[in-house]
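Visitor: Sharing a model that was predicted from the sequence below.
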Amino acid sequence: MRKLATALYLALSVAGAQIALVDQATAAEDPPQGELSQATEVQATVTAIDLKTRMVTLKGPDGKESSFYVDERARNLPQVKVGDVVKIAYVEALAWKVSKSKKAAPTPTEEVAATRAEAGQKPGGAVARRVTITASIEAIDLANGTVTLKGPQGNSRTIKARNPANLKKVKVGDLVDITYTEGVALKVEPAPK
């Protein structure tokens, strides 16, 4: 998880983000749904590596260098050389869909998947996580364009609707299925010739 945090920090501090907002078109009687996603890609060049201390220094596109400790789970560190290019991609997405009231909301679920390069190859790998919850609509404020959602653990949160017209399509007690997905992939490529 520390490698994921380091990769995420590097990706977000060095690169600009791309954001996509989508409110899917629905007929007047269809329940509201939509998604929000963001993708960030960055690459950096290895400028120094110390295999004994497992410290790697990367130079980003802005010319700034940062050093990172790479723990033993990165089993292919000896294959990394000065000049190699480290590519990192980070994606996160949030999707929602309103459904009519049911007796009880399902419990939250979380799925995690990870993969890494085979022994002896250049380092690489990916980690993805998807969390799904169902919240209930607790209150609707048409004047302010907000809705209050109550999560599965009983916590409430008031949010501003991106499309206030959708608030007229829902009622207190309706359920909102929410899926949050995030993933990061890291790949080391040989230095360009």
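Guide: Thanks, I have the structure now.

Visitor: pLDDT below threshold where in the chain?
Guide: For the chain, the stretches with pLDDT under 70 are 1-29, 101-106.

Visitor: just so I have it, where are all the strands in it?
Guide: Under the criterion DSSP state E, the chain carries strands at the ranges 18-23, 33-50, 55-59, 65-69, 85-99, 109-116, 124-141, 146-150, 156-160, 175-189.

Visitor: Let's have the ones you listed in CSV, adding mean neighbour count and distance to Leu167.
Guide: Heads up, the C-betas are built off the backbone N, CA and C, glycines and all. Formatted as CSV, the strands of the chain follow (neighbours: other C-beta atoms under 10 Å; distance: least, C-beta to C-beta, whole Å):
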stretch, mean neighbour count, distance to Leu167
strand 18-23, 11, 13
strand 33-50, 17, 13
strand 55-59, 19, 46
strand 65-69, 14, 45
strand 85-99, 18, 10
strand 109-116, 11, 27
strand 124-141, 17, 5
strand 146-150, 19, 6
strand 156-160, 11, 10
strand 175-189, 18, 12
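
Visitor: Could I get these in TSV, plus columns for distance to Gln79?
Guide: As requested, those are exported to TSV (distance: least, C-beta to C-beta, whole Å):
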stretch	distance to Gln79
strand 18-23	31
strand 33-50	10
strand 55-59	12
strand 65-69	17
strand 85-99	12
strand 109-116	13
strand 124-141	10
strand 146-150	47
strand 156-160	46
strand 175-189	8
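
Visitor: in the sheet, who's paired with Thr181?
Guide: With DSSP bridges as the criterion, Thr181 is bridged to Ala93, Arg130.

Visitor: Now do the same contact list for it.
Guide: Applying C-beta atoms under 8 Å, 6 or more residues apart in numbering, we find Thr181 in contact with Val91, Glu92, Ala93, Leu94, Ala95, Ala128, Arg129, Arg130, Val131.

Visitor: before we move on, what about Glu92?
Guide: Ser37, Gln38, Tyr180, Thr181, Glu182, Gly183.

Visitor: Okay, it and Lys52: tell me how far apart.
Guide: Computed as C-beta to C-beta, to the nearest Å, the Glu92 to Lys52 distance reads 36 Å.

Visitor: which one of the contacts of Thr181 is nearest Thr45?
Guide: If you rank the contacts of Thr181 by distance to Thr45 using C-beta to C-beta, Val91 comes first, at 22.8 Å.

Visitor: Surely that closest one and Glu41 touch.
Guide: No. The pair Val91 / Glu41 is not scored as a contact, 9.2 Å apart, by C-beta atoms under 8 Å.

Visitor: Of the strands of the chain, which is nearest Arg75?
Guide: Here strand 109-116 is closest among the strands of the chain (C-beta to C-beta), at 7.7 Å.

Visitor: Give me the residues contacting the closest one.
Guide: With C-beta under 8 Å, 6+ apart, strand 109-116 has contacts from Arg75, Pro123, Gly124, Gly125, Ala126, Val127, Ala128, Arg129, Arg130, Val131, Thr132.

Visitor: That's all I had, so thanks and see you.
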